[in-house]
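S.K.: could you work out the structure for the sequence below:
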Amino acid sequence: MVLEEISKRRSIREYKDASVEESKLLNILEAGRLAPTARNRQEWKVIIVTDPELKMKMVDACNGQAFVKTAAALLVAVSTDTSYTMRCGVNAGTVDTTIVLQNMVLQAEKEGLGTCYIGSFFNDQVKRLLSIPSKMEVIQILTLGYADEAPEPRPRKDLKEFYCHNKYE
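M.R.: Numbering: from 1, shown residues only. Coordinates of the predicted model:
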C-alpha cells in the first residue's frame, strides 16, 4: 500500500557502509521513469554518483553537508529543458522532475532504502563536477542507501488544517 511507504519515509542522514544492489537501483529508476510529465515531455535525467572521490567533492557543492559522502549513491535530478512554462506560470521542468524524485523516494522506501532530499547545494558547482550543460538545471539531489538511523516521525499538521473546500479559508 503506497500510504504505508509514505508514512514510513524519513529523511536519512546516517547510512551504513553498504552499496545498493543494482536490481533495487533499477527499480527506483523505473519508478522515476514512469512519472507523469507536462505534455509527456520527459525532459529529465538522473545522474547516479557512486564514486567516493566525487561524492567527497559533492560535500562542498552541497553546502558542506558531510553526510552526503556516506550515502551509497547520490541521485542528481536534472531538468534537461527549462524553457517550457505551463499556462499557470510554473516551470514544467521543476514540477516534472520533482514528481520523478518523489516516485523514486517512495520506491526506495519500498526497497528498504533511505533517502534525503538535498536542496541546499550550489547549482553551478554541481554542474561543473558532473559535466552538466549550462542550459540545464539541477532540481534536487537525493542521497540513497541503507539507513543507519531510525528517526522518529516529524510533527505534521492535522488533516483538517491541510485542506478546504471550494475556496481558500
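
S.K.: in this structure, where's the longest helix?
M.R.: When every helix of the chain is counted residue by residue (DSSP state H), the longest turns out to be helix 92-110.

S.K.: how near is T143 to A66?
M.R.: According to CB to CB, to the nearest Å, T143 and A66 sit 11 Å apart. Every C-beta, even on glycine, is put in place using the N, C-alpha and C of the backbone.

S.K.: so for the two, which sits in the more crowded spot?
M.R.: Using other CB atoms under 10 Å, the more surrounded residue of T143 and A66 is T143, with 27 against 11.

S.K.: counting neighbours, which bits of the longest helix of the chain end up buried?
M.R.: 92-93, 95-110 (16 or more other CB atoms under 10 Å).

S.K.: again with stretch 57-70
M.R.: Buried-residue list, stretch 57-70, by 16+ other CB under 10 Å: 57-58, 61-62, 65, 68-70.

S.K.: ok, and what's touching it?
M.R.: Residues outside stretch 57-70 that contact it (CB atoms under 8 Å, 6 or more residues apart in numbering) are 13-15, 17, 49, 52, 55-56, 74, 116, 118, 120-122, 125-126, 129, 141, 143, 145.

S.K.: and it, how far apart are its ends?
M.R.: Terminal residues of stretch 57-70 lie 12 Å apart, using CA to CA, to the nearest Å.

S.K.: so what's the gap between that stretch and the chain middle?
M.R.: How far stretch 57-70 lies from its chain's middle: 15 Å, per CA atoms, centre = their mean, to the nearest Å.

S.K.: same deal with stretch 22-34?
M.R.: 13 Å.

S.K.: what about that stretch, average pLDDT?
M.R.: Stretch 22-34 shows a mean pLDDT of 98.
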